[in-house]
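Peer 1: what's the 3D shape of this:
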Amino acid sequence: MVFYFVSTAVQPSCALFMGEEKHENEELIKWGWPEDVWFHVDKLSSAHVYIRLNKGQVIDDIPAAILEDAAQLCKANSIQGNKMNNIDVVYTLWSNLKKTPGMEVGQVGFHKEKDVRKIRVEKRINEIVNRLNKTKVEKKPDLRFEREQRDCAERDDKKRLLKEQKEREREEEKRKKDEAELRSYDRLLKQTNMKTNKDDDGNDSDDFM
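Peer 2: The predicted structure follows:
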C-alpha cells in the first residue's frame, strides 16, 4: 500500500507519497522516477517520503514550505524521531539512491554524499501533520507499470522533438537553397542587362531613299 498526500502549502498544490512499510519502500526505491525526491529522517528509522518534481524542475526549485511538509511527514512517521526535537531530515534525488545486494529490505545508500541535502526539524508541528493527514489516500498502484508508462512517454517525446528538429533543419536548408538560387538569378539578370546596354550604340536606324 502507498499513501498519498496533498500539500496545499503552495499553489499549485504538490503531491507527496510514502510506502506503508519496508516492502512498499523497496518497491518505491526500485521503480522510482528520475523526477522523484526522496526524504528520510537522518540516522533513524522513518517512512520514505517522496515528492515528484515537474519536468524541467531541479531539486533547488522545491519551495521551503514543501520541504517543511515533507520533513514533518517523515518525523511524524518515525517512531523515534517523532519523540525527539532538533532532528535532521535528509533528501536527495531518487537517482542518487544506491541499493546493493547486501542491504536489508528498504535500506538504501547514496551514490554521491555531496548530493544529499539536509533540513533541520526543531519540533513536530501538528498543524502541518494534521493538514496533510486530512488529504491521505491509500492506493495499491502498479509501480512498475507506471514507470514503464513514464519511460514510454519520454521516448515518444524524444522522437517527436527529434522529428521536429529534423523538420526545422530541412526547412532551413530549403530556405538557404532558395536564397542562393535567388541571388544567382539576380546576378544573371544584372549580367544580361549590362551586356545589352553595351551592345546598343544608339545607331540602330533605317536608311530611306
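Peer 1: drop to CA atoms for contacts and neighbour counts, all remaining ones
Peer 2: Noted.
Peer 1: okay, now the domains of the protein?
Peer 2: By the assignment in automatic domain parsing, the chain contains the domains 2-141, 146-196.
Peer 1: Pull stretch 5-24 out as CSV, backbone CA atoms only.
Peer 2: What follows is stretch 5-24, C-alpha atoms only, in CSV (Å, rounded to 0.1, in the frame of the first residue of the first chain):
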residue,chain,number,x,y,z
PHE,A,5,-1.0,13.2,0.4
VAL,A,6,-1.6,16.7,-1.0
SER,A,7,0.3,19.7,0.2
THR,A,8,-1.6,23.0,-0.2
ALA,A,9,1.3,25.0,1.4
VAL,A,10,1.9,26.3,-2.2
GLN,A,11,-0.2,26.8,-5.3
PRO,A,12,-0.5,24.8,-7.4
SER,A,13,-0.6,22.1,-4.8
CYS,A,14,2.1,19.4,-4.5
ALA,A,15,1.6,15.6,-4.1
LEU,A,16,3.6,13.6,-1.5
PHE,A,17,3.7,9.9,-1.1
MET,A,18,5.2,7.2,1.0
GLY,A,19,5.2,3.4,1.5
GLU,A,20,3.1,1.8,4.2
GLU,A,21,6.1,-0.3,5.3
LYS,A,22,9.5,-1.5,4.2
HIS,A,23,8.3,-3.8,1.4
GLU,A,24,6.5,-0.9,-0.3
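Peer 1: pLDDT averaged over the stretch of helix or strand Ala153 belongs to - what is it?
Peer 2: In the assignment (DSSP states H and E), Ala153 maps to helix 143-199. Averaging pLDDT along helix 143-199 yields 83.
Peer 1: Can you give the distance of it from its chain's centre?
Peer 2: When distances are taken as Cα atoms, centre = their mean, to the nearest Å, helix 143-199 is centred 30 Å away from the chain's centroid.
Peer 1: Turn the domains of the chain into a markdown table, columns for mean neighbour count.
Peer 2: As requested, the domains of the chain are exported to a markdown table (neighbours: other Cα atoms under 10 Å):
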| stretch | mean neighbour count |
| --- | --- |
| domain 2-141 | 17 |
| domain 146-196 | 12 |
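Peer 1: Compare those domains and say which comes out lowest on pLDDT.
Peer 2: That would be domain 146-196, which, of all these, carries the lowest mean pLDDT at a mean of 84.
Peer 1: what's the nearest residue to the most centrally placed residue in the chain if we skip its chain neighbours?
Peer 2: Nearest to the centroid of the C-alpha atoms of the chain, with distances taken as Cα atoms, centre = their mean, sits Lys55, at 2.9 Å. Closest residue in space to Lys55, ignoring its immediate chain neighbours: Glu35 at 7.2 Å, by Cα to Cα, 6 or more residues apart in numbering.
Peer 1: wait, the one you found sits on Tyr50?
Peer 2: No - at 9.9 Å, Glu35 and Tyr50 do not qualify as touching, with contact defined as Cα atoms under 8 Å.
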